[in-house]
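Asks: A predicted structure for the sequence below; I have some questions about it.
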Amino acid sequence: MRRAYIDSIGMYVPPKIVTNKDLEAMMDTSDEWIRERSGIHERHHVDGECTTDLALKAAEEALEKAGMTAEDIDHIIFSTMASDYFAPGGGPMMTRRLGIPGTPAVDIRMACSGFLYGLSIAKAFIESGAYDNILLITSEVQSVALDFSTAGRDTAVLFGDGAAAVVLKPTDEQRGIQSIVTHSDGRYAEDLMLRSPSTLDNPFQSHEILDKGHGKVTMNGRSVFKHAITKFPQVIKEALEAAGVEKSEVKLVVPHQANLRITEAVANRLDLELHKVVYSNIHKYGNTTSASIPIAMYEALAEGRINRGDIVVVASFGAGFTWGASVIQW
Ligand code: UT7
């Protein structure tokens with residue numbers, strides 16, 4: 001059977017580090033509150049770079065590690081919640097940045113589940129034989145749409161900017177993506193959103209709309225938290241069942257890095273040992289939306305926590321709501 005496997009990963013975060021102490025100077029918050037409630041110590045923010053700048057760096061590293069050039073890519077899948085332009089999307093822009101005009105590219109806006117949805121599209125493309133070499137890029141610049149006043153503190157402290165890219169290829173071996181399960185539920189759209197520009201308004205952007213704060217990310221943190229800690233374990237169980245894999249066979253779980261308390265609750269509910277089986281690097285990057293899983297995988301690989309043959313589970317939950325999980329044999 002033809003399967004899709006991840007051949008290489010690249011990542012890039014902008015060099016500017018914003019610590020919790022730095023945030024204390026902008027709003028009524030404290031390093032202690034942020035660490036205790038989220039596990040985050042610092043995050044990276046852009047300082048003039050745009051979404052495709054980060055994406056290009058991550059993509060170049062992934063291509064180099066795969067021993068490929070951009071010309072070898074048959075299809076781009078681009079995941080972001082903040083393209084360089086509101087329209088067109090970042091996928092076509094990446095053909096320009098990579099110097100491969102004419103290459104098909106698709107944009108996905110699935111928030112924190114963008115990597116999972118991107119994997120599911122790549123899996124279908126590769127297993128069907130439609131394409132061989134897929135470049136899945138996740139690149140997120142949230143810092144430009146956060147409210148760094150005290151009014152926005154519950155959201156602004158959580159997010160960071162960053163990008164990752166993976167090259168997926170076909171294989172006839174047992175390795176690769178064994179299962180993917182994805183879900184969405186629009187009933188909770190307003191619990192985590194960036195309201196404008198919106199077709200609910202005509203014209204869809206105005207000073208009045210911006211004055212209302214509709215150009216900033218808003219969140220009902222408690223609702224997101226409550227749903228995340230039930231949906232994460234459920235979807236991981238579904239993906240394991242779909243792959244016919246036992247929990248005891250899993251070498252590493254790499255969840256979307258939303259909040260260390262969510263990760264801890266998920267580990268508890270699945271009865272997994274957090275520090276042995278569940279990967280976390282949220283202290284360094286905060287929540288980088290769809291880039292967080294491949295950034296965490298990149299670091300887990302570099303640390304020797306993932307090796308050839310290992311069963312790895314990736315899982316996400318985020319705005320939409322959207323959630324998903326995948327079982328991957330490395
Ligand atoms: O990919 C998904 C992305 N989103 C998430 O994963 C977010 C999920 N939710 C969460 O992680 C948590 O709900 C938060 C970290 C956002 C908030 O933690 P919490 O324990 O649910 O706090 P809370 O909302 O119940 O707020 C407790 C207090 C409030 O003050 P009062 O009303 O008790 O006086 C907040 O105003 O903490 C206050 N607060 C802050 N204080 C200092 C909220 N944000 C901050 C802050 N610094 N940054």
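Replies: Here it is on my side, so go on. Worth saying up front: this structure is predicted, and the values here are computed from it rather than measured.
Asks: Let me see the ranges of the strands in the stretch 51-200 of the chain.
Replies: With DSSP state E, counting those that start in this stretch as the criterion, the stretch 51-200 of the chain has strands at 75-79, 105-108, 134-140, 162-171, 176-184, 192-194.
Asks: Starting from the shortest one, tell me which strands it pairs with and how they run.
Replies: With DSSP bridges as the test, strand 192-194 is paired with strand 217-219 (antiparallel).
Asks: Need the per-residue pLDDT for residue 273.
Replies: pLDDT recorded at residue 273 is 80.
Asks: and it, how many neighbours?
Replies: Residue neighbour count, defined by other C-beta atoms under 10 Å, stands at 8 for residue 273. For the C-beta atoms, the positions are set from N, CA and C on the backbone; glycine is no exception.
Asks: same question, residue 272
Replies: Residues near residue 272, counting by other C-beta under 10 Å, number 17.
Asks: same question, residue 106
Replies: 15.
Asks: In this structure it contacts residue 75, no?
Replies: Yes - Residue 106 sits in contact with residue 75 when judged by C-beta atoms under 8 Å, with a separation of 7.5 Å.
Asks: circling back: now the strands of the stretch 51-200 of the chain in JSON lines, with mean pLDDT and distance to the ligand?
Replies: Shown next, in JSON lines, are the strands of the stretch 51-200 of the chain (pLDDT from 0 to 100; distance: least, C-beta to the nearest ligand atom, whole Å):
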{"stretch": "strand 75-79", "mean pLDDT": "98", "distance to the ligand": "14"}
{"stretch": "strand 105-108", "mean pLDDT": "98", "distance to the ligand": "16"}
{"stretch": "strand 134-140", "mean pLDDT": "98", "distance to the ligand": "11"}
{"stretch": "strand 162-171", "mean pLDDT": "98", "distance to the ligand": "14"}
{"stretch": "strand 176-184", "mean pLDDT": "98", "distance to the ligand": "14"}
{"stretch": "strand 192-194", "mean pLDDT": "97", "distance to the ligand": "6"}
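Asks: Measure how far the lengthiest helix in the chain is from the centre of its chain, please.
Replies: The helix spanning the most residues in the chain, taking DSSP state H as the definition, is helix 221-243. With C-alpha atoms, centre = their mean, to the nearest Å as the basis, helix 221-243 stands 16 Å off its chain's centre.
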